[in-house]
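K.L.:
need the 3D shape of this:
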Amino acid sequence: MGINWFNEPPKQSVATLTSGSITLNKPATTFFENAYSVMLGIDSDARMVVIKPLSKSEAMSHAIPDNKKIRITVRSSYSRITNKAFMDEVADLIGTPFEEASIKFPASWDNKEQVLMIDLKGDI
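P.N.:
Okay, the predicted model is just below:
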């Protein structure tokens, strides 16, 4: 009997950007399951949003200023980071306001830097 069992390929990490938040799908959320907060960054040249998870000890230490730590809400099937000012900067970078609708972008985990990279060059 030569049965080939179905094995669903892994789903792509996707970030949904709106006027006030970034929502990560389940595959992207797996990198933030133990995150207490995050740091947000923008690489303007590469047109990328960078999200760095912070553990509780990193977040509670005074090595990182409080104004650089952003709260993340992690649920079983998604996670959300809310920061209107940051999203305004992202909208300016891509030249598209998020007021009308949300936009989905591909995301990938950078093992070396331990950050999630959201590619703003092409929406999904």
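K.L.:
going by C-alpha atoms from here, please, whenever you check contacts or count neighbours.
P.N.:
Fine.
K.L.:
buried residues in the longest helix seen in the chain?
P.N.:
Scanning the chain for the longest helix, with DSSP state H as the assignment, gives helix 84-94. Residues Phe86, Met87, Asp88, Val90, Ala91, Leu93 are the ones in helix 84-94 that count as buried (16 or more other CA atoms under 10 Å).
K.L.:
can these go into a markdown table with extra columns for pLDDT and distance to Lys121?
P.N.:
A markdown table is the format used below for the buried residues of helix 84-94 (pLDDT from 0 to 100; distance: CA to CA, whole Å):
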| residue | pLDDT | distance to Lys121 |
| --- | --- | --- |
| Phe86 | 97 | 18 |
| Met87 | 96 | 16 |
| Asp88 | 95 | 17 |
| Val90 | 96 | 12 |
| Ala91 | 94 | 13 |
| Leu93 | 94 | 10 |
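K.L.:
now the residues you listed in JSON lines, with distance to Ala101?
P.N.:
Conversion of those to JSON lines gives the following (distance: CA to CA, whole Å):
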{"residue": "Phe86", "distance to Ala101": "17"}
{"residue": "Met87", "distance to Ala101": "13"}
{"residue": "Asp88", "distance to Ala101": "14"}
{"residue": "Val90", "distance to Ala101": "14"}
{"residue": "Ala91", "distance to Ala101": "12"}
{"residue": "Leu93", "distance to Ala101": "17"}
